[in-house]
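>>> Next input, structure requested:
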Amino acid sequence: MGRARGGSAASAKESAKTPEKPSRATRGNRKSYVEATAESEDEFKTVEENLSDVEASVGEESGSEFGGDTSGSEYGKKKKKPKVAPKKPPAKRGRKPANKVQLSPKKRGRKPKAAASANGKRKRDPESSDEEEERAISSSDDEVSGSADTSGSEYGKKKASGKKLKKEKTPTRSQPRRQAAVSPKKKGRKPKAAVPVPAKANGNKKLKLDKDEEVEKSEEEMEIEEKKEKSDEEGTGDEIKDETSIATEKKKVDNLEEDGKSDEEEVEKVNKSEDEEESEEDEKVKDEKSVAAASKEKEKPKESVTLKNRVDTDFSSLDLTCDKKTPAGEDWNFKIACWNVAGIKAWVKKNGLEYLKVENPDILCLQETKCSEKTKPIEVKSIPEYPHTYWAYAEDAGQHGVATFTKTEPLSVSYGLPNGEDDSDEDKNLKEMFNKEGRLITTEFEKFYLLNAYVPNSGRPPKEGKAYPPRVTNGERQAWDRMFKDYVKSLEEKKPVIVTGDLNVAHEPIDLANPKTNGNSAGFTQEERDGFSEFLLNTKMVDSFRTLYPEKEKSYSFWTYMGNCRQKNVGWRLDYFLLSEKLKEGLCENLMRTEVYGSDHCPIVLFLHL
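Have a look, this model is predicted:
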């Protein structure tokens, strides 16, 4: 609807009562319409006054959809900016604005129920029917005639110049979309789309509709407009306005639903992208966890795997035969086995008798039996294949001790070191001490003497003082070597001698795995090695193994239980067969049964031709 240039709403009302004051263009437009519609001059004045009152009241209303140039046009009309705000705005008159459709922020997309009567039409307010008639006339006036201050375009009218009225906040169709926010705590759950908030007029800034959101007229709205033009004369404008508002609200709802669908699609895309990101993050976390677990395993100190020493021997897989011959080409006809069993009871439990049966030697010599007559296992008290068994027990239970099992009955048997006529009291005391420990059995056979010996261990070095074996320090070990040498020499004058057993010495560096680090260890001290060399030299006996294999390395008969040394083959050669020169010609073989388990020593076997 057009309005006179300049002045406030009050002045506009006064100008409407005095027809001579309005501008010519405005008065001419009104007269042209009234003359076309009114039949008398009285009707002209009445209509003109009503139009002025309606114009003043409608110009001050901000919420009506059809209320003059101050409200936003639904079809894209540009809005005027009044300069001065009225001091005392009059009470609002005319038809109440249509109820706005508001969507719940929690449930977007639900169509609001339009207020309607029982027959589907909106109810009319009988009190405001006259005012609505006047508003209908004013709206039709805008459609039929163009005002002097407009450009004539139906969708883009220019705003009137002059003094501006202060605008109230009006809702517009241009509503910014709000991005659907996804909760970071609960990924994957679709957030409820936010209800669009109407844009606010800020100061003198112009309100514009985005080109993408311009509303195009539908066929239904075009039909309503045609009905409205026809009904202006018939007085049915209010019903058409109701239909127009309903159609408009329906279109708003449709637009909101489309916006909601688009927002839901965006939310789905966001959710999908976040799900993908979340899956990628989960994979990364898994990879990080796996890397962290691997690094922790690396950081953990490797637990030392303590492998138990094997106790069971698979005798079925062993080949215990010997095809070696003497230098003259003669086959062996006599076999002697020797084994430090580290306890006869344990040996029996670890299938020691099975070995005896498989090896089947003529004589078996055992060391460290660690038993007495009362504690001797019943299994070894009577062995049919070895009817002649001889035991040297230690007075201290559980220590030392030797035993000899033989198929052939010996000519004589003696135990320990014998006393000599020239022995000093000290030597006699030392011999008595050694004999009480059960260290030696001598058996005489037709062609040789067999000495089954368990030479005293010089002991572990003390933690304080001189780090040296105590029995070397106090001279007991040297005394044994000297007295044992004299005894063997006395026997050798009668018959050849075979000395076997655990002699507790590694003669040469080749006879142990780590000679450099064991110079002060029992069994490899210089005193013990020198005593062994002197024994061989004075008795003219030979080491049968080095006679056959002078340069062979890593051939050991003892491995400590500590450090899994047997599996690593970190050992010592402490068990021997020493022969007189006269028996050297009948030597065929000297083997170490390293594949036979049951002790920290392994059996050694001598093959002779007698």
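>>> From now on I want contacts and neighbour counts done on CA atoms only, so please keep to that.
Fine.
>>> So what touches stretch 332-347?
324-326, 353, 361-371, 376-377, 500-502, 586-588, 598-610 (C-alpha atoms under 8 Å, 6 or more residues apart in numbering).
>>> One more pass at 6 Å, please.
Residues from elsewhere that reach stretch 332-347 (C-alpha atoms under 6 Å, 6 or more residues apart in numbering): 361-370, 599, 601, 603-609.
>>> Kindly report the same for stretch 434-451.
392-395, 401, 410-416, 452-454, 495-499.
>>> What's the end-to-end length of that stretch?
End-to-end distance of stretch 434-451 (C-alpha to C-alpha, to the nearest Å): 15 Å.
>>> buried sites along that stretch?
434-444, 448-451 (16 or more other C-alpha atoms under 10 Å).
>>> Narrow the contacts of stretch 332-347 to those in strands?
Within the contacts of stretch 332-347, residues falling in strands by DSSP state E are 363-367, 604-608.
>>> JSON lines for these, including neighbour count, distance to residue 538 and pLDDT?
JSON lines is the format used below for these (neighbours: other C-alpha atoms under 10 Å; distance: C-alpha to C-alpha, whole Å; pLDDT from 0 to 100):
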{"residue": "363", "neighbour count": "20", "distance to residue 538": "27", "pLDDT": "98"}
{"residue": "364", "neighbour count": "23", "distance to residue 538": "27", "pLDDT": "98"}
{"residue": "365", "neighbour count": "26", "distance to residue 538": "25", "pLDDT": "98"}
{"residue": "366", "neighbour count": "26", "distance to residue 538": "26", "pLDDT": "98"}
{"residue": "367", "neighbour count": "27", "distance to residue 538": "25", "pLDDT": "97"}
{"residue": "604", "neighbour count": "22", "distance to residue 538": "25", "pLDDT": "98"}
{"residue": "605", "neighbour count": "22", "distance to residue 538": "25", "pLDDT": "98"}
{"residue": "606", "neighbour count": "22", "distance to residue 538": "23", "pLDDT": "98"}
{"residue": "607", "neighbour count": "24", "distance to residue 538": "25", "pLDDT": "98"}
{"residue": "608", "neighbour count": "23", "distance to residue 538": "23", "pLDDT": "97"}
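>>> want to throw those residues into CSV with distance to residue 530?
Listed next are the ones in strands among the contacts of stretch 332-347 as CSV, based on distance: C-alpha to C-alpha, whole Å:
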residue, distance to residue 530
363, 30
364, 29
365, 26
366, 26
367, 24
604, 24
605, 26
606, 25
607, 28
608, 28
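>>> Just give me the closest of these to residue 568.
residue 604 (19.5 Å; C-alpha to C-alpha).
>>> Can you list the low-confidence ranges for the chain?
The model of the chain has pLDDT under 70 over residues 1-48, 50-221, 224-225, 227-311, 464-466.
>>> Do you have the strands of the stretch 301-450 of the chain handy? List them.
334-340, 363-367, 388-392, 402-406, 412-415, 440-444, 449-454 (DSSP state E, counting those that start in this stretch).
>>> of all these, which lies closest to residue 223?
Going by C-alpha to C-alpha, the one of these nearest residue 223 is strand 334-340, 121.1 Å.
>>> Mind listing the strands that closest one pairs with, and their directions?
Note on strand 334-340: by DSSP bridges, its sheet partners are strand 363-367 (parallel), strand 604-608 (antiparallel).
>>> Only alpha carbons, please: show it as PDB.
In PDB, the C-alpha atoms belonging to strand 334-340 read as follows (Å, rounded to 0.1, in the frame of the first residue of the first chain):
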ATOM      1  CA  PHE A 334      87.200-106.400  27.800                       C
ATOM      2  CA  LYS A 335      85.000-103.400  28.700                       C
ATOM      3  CA  ILE A 336      85.100-101.300  31.800                       C
ATOM      4  CA  ALA A 337      82.600 -98.500  32.500                       C
ATOM      5  CA  CYS A 338      83.000 -95.700  35.000                       C
ATOM      6  CA  TRP A 339      80.400 -93.200  36.200                       C
ATOM      7  CA  ASN A 340      80.000 -90.600  38.900                       C
END
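>>> What are the buried residues along that strand?
Residues of strand 334-340 classed as buried by neighbour count (16+ other C-alpha under 10 Å): 335-340.
>>> Equivalent analysis for stretch 449-462, please.
So for stretch 449-462, counting by 16+ other C-alpha under 10 Å, buried means 449-459, 461.
>>> Stretch 389-407 too?
By neighbour count with 16+ other C-alpha under 10 Å, stretch 389-407 contains the buried residues 389-394, 399-407.
>>> Over to stretch 477-488?
Neighbour-count burial for stretch 477-488 [16+ other C-alpha under 10 Å]: 477-481, 483-488.
>>> Other residues contacting that stretch?
With C-alpha under 6 Å, 6+ apart, stretch 477-488 has contacts from 471, 535.
>>> do the same with stretch 579-597
With contacts defined as C-alpha under 6 Å, 6+ apart, stretch 579-597 is touched by 311, 313, 324-326, 496-498, 541-542, 545, 602-609.
>>> Go again with 7 Å.
With C-alpha atoms under 7 Å, 6 or more residues apart in numbering as the test, stretch 579-597 has contacts from 310-313, 324-327, 332, 496-499, 540-545, 557, 602-610.
>>> Can you give me the end-to-end span of stretch 506-523?
6 Å.
>>> got it, and stretch 584-596?
27 Å.
>>> Can you list the buried residues in that stretch?
584, 586-594, 596.
>>> rewinding a little: what subset of the contacts of stretch 579-597 is buried?
By 16+ other C-alpha under 10 Å, those give 311, 313, 324-326, 332, 496-499, 541-545, 557, 602-609 as buried.
>>> out of the residues you listed, which are inside helices?
544-545 (DSSP state H).
>>> Restricting to C-alpha, output stretch 482-491 in PDB.
Only the C-alpha atoms of stretch 482-491 are listed here, as PDB (Å, rounded to 0.1, in the frame of the first residue of the first chain):
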ATOM      1  CA  ARG A 482     101.700 -87.700  46.900                       C
ATOM      2  CA  MET A 483     100.400 -90.700  48.900                       C
ATOM      3  CA  PHE A 484      98.200 -92.000  46.000                       C
ATOM      4  CA  LYS A 485     101.200 -91.800  43.600                       C
ATOM      5  CA  ASP A 486     103.300 -93.900  46.100                       C
ATOM      6  CA  TYR A 487     100.600 -96.500  46.400                       C
ATOM      7  CA  VAL A 488     100.100 -96.900  42.600                       C
ATOM      8  CA  LYS A 489     103.900 -97.300  42.100                       C
ATOM      9  CA  SER A 490     103.900-100.100  44.700                       C
ATOM     10  CA  LEU A 491     101.200-101.900  42.800                       C
END
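>>> hang on, the earlier thing: redo the buried residues of strand 334-340 as TSV? Include distance to residue 422.
Listed next are the buried residues of strand 334-340 as TSV, based on distance: C-alpha to C-alpha, whole Å:
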residue	distance to residue 422
335	37
336	34
337	35
338	33
339	34
340	33
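>>> Among the residues you listed, pick out the one closest to residue 523, please.
residue 340 (15.6 Å).
>>> hey, what's that closest one bridged with?
For residue 340, the beta-bridge partners are residue 367 (DSSP bridges).
>>> re earlier: reformat the strands paired with strand 334-340 as TSV; add distance to residue 507.
Shown next, in TSV, are the strands paired with strand 334-340 (distance: least, C-alpha to C-alpha, whole Å):
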stretch	distance to residue 507
strand 363-367	20
strand 604-608	17
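>>> what are the ranges of the helices in the stretch 451-600 of the chain?
For the stretch 451-600 of the chain, helices defined by DSSP state H, counting those that start in this stretch occupy the ranges 470-473, 476-492, 526-539, 544-548, 565-568.
>>> Of those, which is nearest residue 423?
Nearest of these (C-alpha to C-alpha): helix 476-492, 9.5 Å.
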